[in-house]
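Trainee: With the sequence up front, the predicted model follows.
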Amino acid sequence: MAPHTPKDEGPQPPPPITPGGTYSIQTISVGCKVYIRRITEGVEEERLAEILSIRDKPVNPYAARLRGEVKQEEPQKPEDRLEFFVHWETFNKRLDEWVSGSRIVLSRDLEWPRPKTQPTTKKVVGKKTPAKNQRQQSLLKRAATANALAVGKAAKAEPGTPGPSTPASARASASPAPTAGQKRKTLHEEDEEEEEDLDADAEGEMDVDAEGEALDLDATEPVQPPPPLSTFSKEQEIEKLRTSGSMTQSISEIARVKNLNRLQIGKHEVDAWYFSPYPQEYAHLPVLYICEFCLSYFGSQFMLSRHRKRCNLLHPPGNEIYRHEDISFFELDGKRQLTYCRNLSLLSKCFLDHKTLYYDVTPFLYYVMCQRDSTGCHMVGYFSKEKESADNYNVACILTLPQHQRHGYGKLLIEFSYELSKREGKLGSPEKPLSDLGLLGYRAYWAETIIDLLMNTTEDISIDDIAQKTSITHADVMNTYFSPCLAAADC
């Protein structure tokens, strides 16, 4: 049976446009698209961006004193009193940022959100059936009526012993639970009503066309089938990742607006990519200062320097389990190093939008990779894993800090996680979903490892042999084999 191809609903109406020069900063609202000046490598250009949030310019409470002198507040321009959180069109989500109102180009057109159109539903010819929501409302009405009748009858009867499912607050009341016969009768009647409604759904909401295809009349937006593997190239996949961020993300985390601007970690200063639940008092600071050894966070350089005089850590507070040249791995128990692991989770959330942060880090082990020099061990990246994983996950979260990316450290982290799985005699796989960069990194590692094994093997080898020799699960081996990278021989 061939899949049904839905008909196009027609072109959507164009969004309302306000000509440039006819609106002000106060006119702009959330959802509008305007042109904003963006500086890229010293070159200023005007880019279209969508407004995601608007706020008053925050005041830095830690900048009241600068080098012992009271800092005088400079008078602000009216347009600089507001800040706008924007998403740049055709750019990755991690580049979203707060911009001041003076960077908005008021001489360019303002694009308002597209008006919502009411979805059109098909009607069944020759048979009238109630809509789905009407049936649900009728079910609720019947249930409410039955409940009210039961309560009314119970109020006239004598008090009895409350049933086992009666709430504690209701057990002290004089209204007893219905009798067993009443319960059986009510459940039986409800079952019959539900069966009738299901029959009505099967008959009323599904119809058959001339070619014998089933049409779902409730579906307002039919789901398009995924493109075949041969038509989905590696270039298209990378372009999708570049413009849309993670392939699979947590919707609740996407909706949260980034609350940090920049982070200073040691001698590096990097931009935060996503929201991280640091305390409210540290939100919207120009720079959040982080101790690179204990990962404590501070609102000013002075507070960090005062902390460094008392902090005696020069490496993560765990056991060093691997060392080669200037690279070391430290193993940390989330139950024993509770504060450090929580700070590590807060820091990693700034660069991962698809993970949900939990303060309960006790079920996890953390493996922190550091680069050693004369001043100490500086964190490069890390991965965490569950102590006891029911799904045989060997990685729960993995991250290479942005200042150390594109140096091969991500591949080393992935390889180290599989070496641990080999020591344990288990097959391992990363916890899903993966971030966009994590997905690309794992696919590259799986493809390279499998190809290297096949090139050095002269005998016939099965999927199970590949899994046992590499500790890569059978599903990951199969997915790599059918991936665009391996299928097109582009690796």
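Mentor: Okay, I see it.
Trainee: So what touches the helix or strand where S305 lies?
Mentor: Under the criterion of DSSP states H and E, S305 resides in helix 301-308. Under the criterion Cβ atoms under 8 Å, 6 or more residues apart in numbering, residues Y62, Q264, Y289, I290, C291, S296, F298 lie in contact with helix 301-308. In short, each C-beta sits where N, CA and C put it, glycine included.
Trainee: buried set for it?
Mentor: Burial within helix 301-308, assessed by neighbour count using 16 or more other Cβ atoms under 10 Å, is assigned to L304, R308.
Trainee: State the three-state secondary structure for R372.
Mentor: strand (DSSP: H, G, I helix; E, B strand; the rest coil).
Trainee: ok so, going back, go through the contacts of helix 301-308 and give me the one with the most neighbours.
Mentor: Per-residue neighbour counts (other Cβ atoms under 10 Å) across the contacts of helix 301-308 peak at Y289, which has 23 neighbours.
Trainee: My guess is that residue contacts F298. True?
Mentor: Yes. The criterion here is Cβ atoms under 8 Å, and Y289 meets it with F298 at 4.6 Å.
Trainee: Low-confidence stretches in the chain?
Mentor: Confidence mapping of the chain against pLDDT under 70 gives the ranges 1-11, 60-76, 118-256, 355-359, 484-491.
Trainee: Looking at it, which strand is longest?
Mentor: strand 43-56 (DSSP state E).
Trainee: Sheet partners, orientation included, of that strand?
Mentor: Within its sheet, strand 43-56 is paired with strand 33-40 (antiparallel), strand 82-88 (antiparallel), according to DSSP bridges.
Trainee: Mind putting these into a markdown table with mean neighbour count and distance to E46?
Mentor: As requested, the strands paired with strand 43-56 are exported to a markdown table (neighbours: other Cβ atoms under 10 Å; distance: least, Cβ to Cβ, whole Å):
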| stretch | mean neighbour count | distance to E46 |
| --- | --- | --- |
| strand 33-40 | 17 | 5 |
| strand 82-88 | 19 | 11 |
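Trainee: Ok, which of the ones you listed comes nearest G376?
Mentor: Taking Cβ to Cβ as the criterion, G376 comes closest to strand 33-40 out of these, the separation being 34.8 Å.
Trainee: re the thing from before, ok, then the element right after the helix holding S305?
Mentor: Next helix or strand after helix 301-308 toward the C-terminus (DSSP H and E): strand 319-324.
Trainee: re the thing from before, can I get the helix holding S305 in CSV? Just the C-alpha atoms.
Mentor: Output for helix 301-308, consisting of C-alpha atoms alone and laid out as CSV, is shown next (Å, rounded to 0.1, in the frame of the first residue of the first chain):
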residue,chain,number,x,y,z
GLN,A,301,38.2,39.3,39.4
PHE,A,302,39.0,40.5,43.0
MET,A,303,36.9,37.7,44.5
LEU,A,304,38.6,35.1,42.4
SER,A,305,42.1,36.4,43.3
ARG,A,306,41.1,36.3,47.0
HIS,A,307,39.9,32.7,46.6
ARG,A,308,43.0,31.6,44.8
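Trainee: hmm, which two among the contacts of helix 301-308 are most spread apart?
Mentor: In the contacts of helix 301-308, two members sit farther apart than any others by Cβ to Cβ. They are Y62 and C291, at 15.8 Å.
Trainee: Name the residues linked to F84 by a beta bridge.
Mentor: As for beta bridges, F84 partners with I54, V99 under DSSP bridges.
Trainee: Do I have it right that it meets G101?
Mentor: Yes. Under the criterion of Cβ under 8 Å, F84 makes contact with G101 at 6.8 Å.
Trainee: Dihedrals phi and psi, the closest residue to H474 other than its chain neighbours?
Mentor: With Cβ to Cβ, 6 or more residues apart in numbering as the criterion, H474 has its nearest non-adjacent residue at 5.1 Å, and that residue is A467. For A467, the backbone dihedrals are phi -70, psi -40 (criterion: degrees, to the nearest 10).
Trainee: Please name the residues that touch A467.
Mentor: L427, T473, H474, V477.
Trainee: Specify which member of these is nearest to Y445.
Mentor: Out of these, the member with the shortest distance to Y445 (by Cβ to Cβ) is V477, at 12.3 Å.
Trainee: list the helices and strands whichever strand or helix holds that closest one packs on?
Mentor: V477 belongs to helix 474-481 when elements are defined using DSSP H and E. Counting by 3 or more Cβ pairs under 8 Å, 6 or more residues apart in numbering; DSSP states H and E, the packing neighbours recorded for helix 474-481 are helix 436-455, helix 463-470.
Trainee: Neighbours of E89, how many?
Mentor: By the criterion of other Cβ under 10 Å, E89 has 12 neighbours.
Trainee: for stretch 319-337, how far is the first residue from the last?
Mentor: Start-to-end span of stretch 319-337 (Cα to Cα, to the nearest Å) is 11 Å.
Trainee: in it, what's buried?
Mentor: Residues of stretch 319-337 classed as buried: I327, S328, F329, F330, E331, L332, D333, G334, Q337 (neighbour count, 16+ other Cβ under 10 Å).
Trainee: Can you tell me the SS state at the third one?
Mentor: So that's F329. Counting by three-state DSSP, the backbone at F329 sits in strand.
Trainee: can you pull the contacts of it?
Mentor: E320, I321, Y322, R323, Y367, V368, M369, C370, F416.
Trainee: Same list (these) but as CSV, adding distance to I36.
Mentor: As requested, the contacts of F329 are arranged in CSV below (distance: Cβ to Cβ, whole Å):
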residue, distance to I36
E320, 48
I321, 48
Y322, 47
R323, 48
Y367, 41
V368, 38
M369, 38
C370, 39
F416, 42
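Trainee: Now flag whichever of those is closest to L454.
Mentor: L454 has its nearest neighbour among the contacts of F329 in F416, at 22.8 Å by Cβ to Cβ.
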